[in-house]
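Participant: below are the sequence and a predicted model; questions follow.
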Amino acid sequence: MPSTAIIDGLDVETLFPAPSLPPSALSPQRLPGTSVESLAALQYVLKDNHKRWHIFLNNLKQHNHIAHRTLALYALGGSGPLIRKFYEQDSGEQLPPIEPPEAITSANFLDHLGDERYYKAYVAFFGREINEKGIPVVLEQYIFSDSFQYQEGASSQPEMLSRFMLSLFHALIHVGNGVEFGLKGMVTEGLALAAVQDLFGNEFYPRHFFTEGAQVTTEVATHLVSSLTLGGSVPETTGSRADTHVFDIIARIVRDDILKVDNGPVPRTVFKQAVAQHAARIRDYAARWTIDVTRKGEIERKMEELIWLSSAVYAIGAFDEVKGFAADFYLMHVVTSSLFLPSLITSLTPGSQVLLLRAYLVVVLTWWVARGRPDLNIKSFMVSTSTQLTCPVSKGNDSSVCPNEHPNPFLPIMQKSILHPDNHVAKIQRSFAHFSAMYGNRPAGYHKGTELEDAELLDGSLFVRAALLTANYMGSKEEPNTWSRGGFFS
């Protein structure tokens, strides 16, 4: 392995500088605890991971999560030694990089899509492109433009937005981390990951998806860009019920008995089944979700709807009064990916912001169907779940609520998640903490008027309830549990 800072033609020092401030007021903010030591550990891990490891763990194309966990720990105030310790732990399952057979250029860009042997070549390609054009232009060109979805005469179509969104949003999460923390290296790696990602069938987003509902006037574009800057305001209402809310969409799917899949031993196969059998029908439902960009604050409002939906399908969908809560591994990813929507939209043109939100909804709905389409019993969830930590039975309190000991339940949750051996726990708890900070003061009735049954009962405590259920299910550093993978099939 070369000792120089130049790897694949890129300067590793410039790929992974000290993180910048979040790009938007709606982006996650960082907890206290960062230090010279933790910054040094962060940069060491990101650079070493970039040099030493492939983006995939195995031939199933399961993903390298080192950078995701490391950045989450840093953002939560994790110490330098802790960051290095978990890197050592996570390195044990990684694969070394593969020397690509040839370099990637504009001329052969399409030829090697989906081929993991070319990952490092795509990293070098996107690094050069970003150095020349900047991150926003490269995202627009290679992920959202029509020309990198379908090309006349191509033997296989690029479908780059599909590659960016599928496989549990991992490319989106990687790039989202890069935009949030101002790390060019994360963006190059994430785009390269998208390039070597497999497609789940052809035309997950068909050609017409890129021409419907994505036209934005210059006047509207100017407003949208200015409203999403660091000082952008958070909308206080969900808007007129003349809109179609995302809860309306999921309520309609609940009533559609066609949108069901059979359970199977391999969840990825069940997801492919959902795509093969129902992708067109799911897209049709999603297309009825309204995004009226002529309305002030619409992008922020619709992004918030997606965050509520993602958290609801994970938390409410997985809760049963009799069986309890099952923290689903796959629906967990819809929560952790939604955390990056506020940062990503700051780097996109208004038309691409709409595309991102619409594309994201399609994947969330598809995974929800693929996991058995669990019911969202809001009334039961709000009545039966807690907003406070419980005292351990060993203290003689029979798991009674301890509000006096934990005036802010997120503080012990965050501490517990930082130490948890599973690399996803800190990420999902960071997500719920941010959503609670942004939307925790939403009162009951905020979603009144949507078609989802009992939606008017749902308030901002959703996020702390979800965080507590997750913390209890996943256990502690000393007694960790693993994610549920069984799904919710009747």
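Facilitator: Received the coordinates, thanks.
Participant: moving C-terminal of the lowest-mean-pLDDT helix or strand in the chain, what's the next helix or strand?
Facilitator: Of all the helices and strands that make up the chain, helix 218-227 has the lowest average by mean pLDDT, DSSP states H and E, namely a mean of 42. Under the assignment DSSP states H and E, the closest C-terminal helix or strand after helix 218-227 is helix 246-254.
Participant: counting contacts, what elements does that following helix pack onto?
Facilitator: Counting by 3 or more Cβ pairs under 8 Å, 6 or more residues apart in numbering; DSSP states H and E, the packing neighbours recorded for helix 246-254 are helix 267-287, helix 298-315, helix 350-370. Every C-beta, even on glycine, is put in place using the N, C-alpha and C of the backbone.
Participant: what sits up against the first one?
Facilitator: This means helix 267-287. Residues lying outside helix 267-287 but in contact with it, judged by Cβ atoms under 8 Å, 6 or more residues apart in numbering, are 200-201, 204-206, 209, 212-213, 249, 252-253, 256, 258-259, 261-264, 329-330, 358, 361-362, 365-367, 369-371, 485, 487.
Participant: from those, list just the buried residues.
Facilitator: By the neighbour-count criterion of 16 or more other Cβ atoms under 10 Å, the contacts of helix 267-287 include these buried positions: 200, 204-205, 209, 213, 249, 253, 259, 261, 329-330, 358, 361-362, 365-367, 369-371, 487.
Participant: enumerate every residue touching the spatially most central residue of the chain.
Facilitator: Geometric centre of the chain, nearest residue: S337, 0.6 Å, by Cα atoms, centre = their mean. For S337, the set of contacting residues under the criterion of Cβ under 8 Å, 6+ apart consists of 168-169, 172-173, 176, 310, 360.
Participant: would you turn those into a markdown table with neighbour count?
Facilitator: Shown next, in a markdown table, are the contacts of S337 (neighbours: other Cβ atoms under 10 Å):
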| residue | neighbour count |
| --- | --- |
| L168 | 22 |
| F169 | 21 |
| L172 | 27 |
| I173 | 24 |
| G176 | 26 |
| S310 | 28 |
| Y360 | 23 |
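Participant: can you redo those residues as TSV with pLDDT and distance to P158?
Facilitator: Putting those into TSV (pLDDT from 0 to 100; distance: Cβ to Cβ, whole Å) gives the following:
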residue	pLDDT	distance to P158
L168	96	20
F169	98	19
L172	98	17
I173	98	21
G176	98	21
S310	98	27
Y360	98	19
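Participant: of those, which belong to helices?
Facilitator: By the criterion of DSSP state H, membership of those in helices covers 172-173, 176, 310, 360.
Participant: contact partners of the strand or helix carrying S162?
Facilitator: In this assignment (DSSP H and E), S162 forms part of helix 160-165. Contacts of helix 160-165 from elsewhere in the structure, counted by Cβ under 8 Å, 6+ apart, are 113-114, 142-144, 148-149, 171-172, 175, 194-195, 197-200, 204-205, 210, 355, 359-360, 362-363.
Participant: show me where this structure has its strands.
Facilitator: For the chain, the strands identified by DSSP state E occupy 6-7, 10-11, 319-320, 324-325, in order along the chain.
Participant: low-confidence regions, this structure specifically.
Facilitator: Screening the chain residue by residue with the criterion pLDDT under 70, one finds the ranges 1-8, 213-241, 391-406.
Participant: out of the ones in helices among the contacts of S337, what pair is the most spread apart?
Facilitator: For the ones in helices among the contacts of S337, the maximum inter-member distance is 13.6 Å, found between G176 and S310 (Cβ to Cβ).
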